[in-house]
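# model this:
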Amino acid sequence: MSEAFRETHLPGLAPPESLVVAALRAWMAPRPRAAGPQPDWQRMLALAGVQPAGALGFGLLMSVLRRGAVRPLDVRPCGGPGLGRDESVLLDLVAALQRGDCLSAIGGLSEWLAPGDLRPALRGAEIFARHTAAAGLHLVEEGACVLH
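Take a look at the predicted model:
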């Protein structure tokens with residue numbers, strides 16, 4: 001198991017899904033004022049073989065979500081147990097895009113965003129999905145993620 005997968009493993013999820021959830025949690029983690037160890041989502045993705053453009057796509061998606069989400073996202077803290085509802089939606093969204101199912105991806109994004117924010121979020125998600133697939137990180141079929 002690669003270093004990226006050892007650092008990000010979540011029980012009940014395959015390594016690619018664990019990686020995506022860990023990157024999401026690291027991106028959403030509050031930035032402490034005191035210096036201390038911070039989870040580095042870009043490093044996680046790079047160690048797993050995701051090209052920098054894929055990390056940029058993820059960053060674009062997350063920036064749009066942070067700025068435009070119509071409700072708070074259910075994302076667990078780094079290292080926390082279980083899977084939040086929105087973490088599961090993100091996994092389904094990326095899996096759908098890896099299968100070429102853009103309509104399901106738009107459905108997932110519309111749970112979070114107003115119509116005007118869908119296009120840039122979808123663009124970022126498409127780039128991320130393409131680069132994770134190119135790195136051999138294929139996510140499970142839609143609906144296969146179990147909420148805890």
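# packing partners for the helix or strand harbouring residue 125?
Under the criterion of DSSP states H and E, residue 125 resides in helix 115-134. The contact analysis (3 or more CB pairs under 8 Å, 6 or more residues apart in numbering; DSSP states H and E) places helix 115-134 against helix 52-68, helix 85-99, helix 102-110. Any C-beta I mention is one placed from the backbone N, CA and C, and that applies to glycine too.
# who wins for proximity to residue 46 among the ones you listed?
helix 52-68 (7.0 Å; CB to CB).
# just want the angle from the helix holding residue 125 to helix 52-68.
150 degrees (axes from the mean of the first three to the mean of the last three CA atoms, to 10 degrees).
# in contact with residue 98, which residues?
Applying CB atoms under 8 Å, 6 or more residues apart in numbering, one finds that residue 98 lies in contact with 129-130, 132-133, 138-139.
# how does it look with 7 Å?
By CB atoms under 7 Å, 6 or more residues apart in numbering, the contact list for residue 98 reads 129, 133, 138-139.
# any chance of the helices and strands packed on helix 115-134 in JSON lines, plus mean pLDDT and distance to residue 117?
Converted to JSON lines, these look like this (pLDDT from 0 to 100; distance: least, CB to CB, whole Å):
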{"stretch": "helix 52-68", "mean pLDDT": "96", "distance to residue 117": "4"}
{"stretch": "helix 85-99", "mean pLDDT": "96", "distance to residue 117": "14"}
{"stretch": "helix 102-110", "mean pLDDT": "95", "distance to residue 117": "8"}
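# wait, which of those is closest to residue 21?
helix 85-99 (5.1 Å).
# can you pull the buried residues of the closest one?
Using 16 or more other CB atoms under 10 Å as the test for burial, helix 85-99 gives 86-99.
# again with stretch 105-112
Within stretch 105-112, the residues that count as buried by 16+ other CB under 10 Å are 105-106, 108-109, 112.
# now, which of the residues you listed sits nearest residue 17?
Using CB to CB, those come closest to residue 17 at residue 108, 14.8 Å.
# centre of the chain to the helix holding residue 125, how far?
Mean C-alpha position of helix 115-134 versus that of the full chain (CA atoms, centre = their mean, to the nearest Å) differs by 11 Å.
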